[in-house]
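Engineer: one predicted model, sequence on top.
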Amino acid sequence: MSTAPETPAGAPGADAGEMSYVYAVGREGPALDGLAARLAGVDGRPLRPVAGGGLCALVSPVPADAFSERGLAAQMEDLDRLEAVARAHHAVVDAAFAETSVLPMRLATVYLDDARVAAMLVGQRDQFQELLGRLEGHVELGVKVYADPRAAATAPAEPAAATSSGAGAGRAYLRRRQAQQRDSQDVYQAASDLAARAAHLAEGVASSRAVHRPQQGQLAARAGVNVTNEAYLVPRDHAARLHRELAALADGAPGVAIEVTGPWAPYSFATAVVAEGADGGGPR
Amino acid sequence: MSDSLAGRLPASPRGAAPGYGQQGGSANLADILERVLDKGIVIAGDIQINLLDIELLTIKLRLLVASVDKAKEMGIDWWEHDPSLSSRARPAQQAGAGAPPDAAIGSAQGAGAGSGDEALAEENERLRAELARLRSAAALPGSAAAEAAPAAPEEER
């Protein structure tokens, strides 16, 4: 496998030790050519534009061993490595999206070489053009609503170990639980109301809506319980205003929060599964 | 995100809406992963992991990002075992603030025993018995009732 500096932009990735990782697809033209010239992909490898069918894919070389099926599986099992690849992928998509309409590819979309990428573009031309047209001028906003009963609790929760002995400790525990119960009931109701108001507000502007799973687990770094996690496809011109209005919805409400993220490239609305024709007529 | 919100929840503040192209370094990993792994165009690339294994991976990833079940396994389950949030406490919750104190006590006891917190369960058992005695004595003396009832927020301080 070669670690030599990469081939010039537009040249096929002919190196047998490398494959072609596709980040995003847009319309062929100076915008993507210019982006490719100054962006880096996974592991800092230079991007290159690969054209086909009037479309252009942003591609970087990746080591064939690390991005083979086995290599990828191993990489993806390693959260640190997964994070590095995911952030590099997203950084390219995000930078490209800032300048022109692109379709983000699923993570780890890898072809044997640039010729295979070009063949894929030709084969998928109609579908990609249609999607690009539909998503043109739109951005994605993420909207998450949180309930945090603990933040709203009238009594701070104490470790159970603190209830050492005696009836007083037990009563104190029960009083705390009672208060927490009342508070959390209110907070979840408030979060539900907040989510409904957010959806109502967003749907007045958005042209499409996607529902993600609420985030929980060790990566859900935020305090509280994520009760809704949605994405809206919004005309670019309205995104900043909607972002502001959504973020302000939770003002003054204790124990609930709304987090608005984006603008994102329209990941959640570029979800077409491109089927067998992806071979573009070429041999496997 | 508004200032007041940022002050209320101790989460990493995201600040004002970022401009286009500025999310690459700052976006939350969970937000990125749910998009790059779950969304975006799926093409049958030459490396087939993105057809089959990514599906498996996504499931695995949900163990980190989005799985209630896994969260429980990992012990991030306070809402489950918390008697004030458990299903056993639901009737009391639905009854509102005027819920009879014994319903909530029962739920607390049940959850305490279920989570193996025996000392707490005993404690609750004693209180329950005491409360039952008091209630059966017909006239609820103010002190005992007030201590067990969900009223009087100033007592929480």
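Structural biologist: Perfect, thanks for sending it. As the structure is a computational prediction, the values presented were derived from the model and not from experiment. Numbers count the residues shown, from 1 in each chain, chains lettered A, B, ... in the order given.
Engineer: so how far is residue A:181 from residue A:189?
Structural biologist: Distance of residue A:189 to residue A:181, computed by CB to CB, to the nearest Å: 13 Å. All C-beta spots, glycine's among them, are computed from the backbone N, C-alpha and C.
Engineer: what mean pLDDT does the helix or strand that contains residue A:21 get?
Structural biologist: Element membership for residue A:21, per DSSP states H and E: strand A:18-27. Taken as a whole, strand A:18-27 has a mean pLDDT of 96.
Engineer: list the buried residues for the helix or strand harbouring residue B:120?
Structural biologist: Using DSSP H and E, residue B:120 falls within helix B:118-136. Of the residues in helix B:118-136, B:120, B:121, B:123, B:124, B:125, B:127, B:128, B:131, B:134, B:135 count as buried by neighbour count, 16 or more other CB atoms under 10 Å in any protein chain shown.
Engineer: got it, and stretch A:134-152?
Structural biologist: Of the residues in stretch A:134-152, A:135, A:138-152 count as buried by neighbour count, 16+ other CB under 10 Å.
Engineer: repeat for stretch A:176-196
Structural biologist: By 16+ other CB under 10 Å, the buried positions in stretch A:176-196 come out as A:176-188, A:190-191, A:194-195.
Engineer: just the C-alpha atoms of it, please, in CSV.
Structural biologist: C-alpha atoms of stretch A:176-196 as CSV (Å, rounded to 0.1, in the frame of the first residue of the first chain):
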residue,chain,number,x,y,z
ARG,A,176,-38.3,13.7,48.5
ARG,A,177,-39.8,11.0,46.4
GLN,A,178,-43.3,12.5,46.6
ALA,A,179,-42.0,15.9,45.6
GLN,A,180,-40.0,14.4,42.8
GLN,A,181,-43.0,12.4,41.6
ARG,A,182,-45.1,15.6,41.4
ASP,A,183,-42.3,17.5,39.7
SER,A,184,-41.4,14.9,37.2
GLN,A,185,-45.1,14.5,36.3
ASP,A,186,-45.3,18.2,35.6
VAL,A,187,-42.0,18.2,33.8
TYR,A,188,-42.9,15.3,31.4
GLN,A,189,-46.2,17.0,30.7
ALA,A,190,-44.4,20.3,30.0
ALA,A,191,-41.9,18.5,27.8
SER,A,192,-44.7,16.9,25.9
ASP,A,193,-46.4,20.3,25.4
LEU,A,194,-43.1,21.8,24.4
ALA,A,195,-42.6,19.1,21.8
ALA,A,196,-46.1,19.7,20.4
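Engineer: so is that stretch next to chain B?
Structural biologist: Yes - Stretch A:176-196 reaches chain B (CB under 8 Å from any CB of the partner chain) through A:176, A:177, A:178, A:179, A:180, A:181, A:182, A:184, A:185.
Engineer: look up phi and psi at the fifth one.
Structural biologist: Its backbone dihedrals place residue A:180 at phi -70, psi -40, with angles given as degrees, to the nearest 10.
Engineer: quick revisit: pull the most distant pair out of the residues of stretch A:176-196 next to chain B.
Structural biologist: A:176 and A:185 (14.8 Å; CB to CB).
Engineer: so what's the gap between stretch A:53-71 and the chain middle?
Structural biologist: Averaged C-alpha coordinates place stretch A:53-71 at 20 Å from its chain's average position (CA atoms, centre = their mean, to the nearest Å).
Engineer: then stretch A:63-75?
Structural biologist: Centre-to-centre, stretch A:63-75 and its host chain are 22 Å apart (CA atoms, centre = their mean).
Engineer: could you see whether chain B lies near that stretch?
Structural biologist: Yes - judged by CB under 8 Å from any CB, stretch A:63-75 and chain B are in contact via A:67, A:68, A:69, A:72, A:73.
Engineer: just the endpoints, please. Distance across that stretch?
Structural biologist: From its first residue to its last, stretch A:63-75 covers 12 Å (CA to CA, to the nearest Å).
Engineer: state the mean pLDDT of that stretch.
Structural biologist: Stretch A:63-75 carries an average pLDDT of 87.
Engineer: mind listing what's buried in that stretch?
Structural biologist: Buried residues in stretch A:63-75 (16+ other CB under 10 Å): A:63, A:64, A:66, A:67, A:71, A:72, A:75.
Engineer: now stretch A:74-81
Structural biologist: For stretch A:74-81, by 16+ other CB under 10 Å, it's A:75, A:76.
Engineer: for residue A:113, see how far away the closest residue to residue A:35 other than its chain neighbours is.
Structural biologist: What sits nearest to residue A:35 in space, not counting adjacent residues and going by CB to CB, 6 or more residues apart in numbering or on different chains, is residue A:96, at 5.3 Å. The spacing between residue A:96 and residue A:113, counted by CB to CB, is 21 Å.
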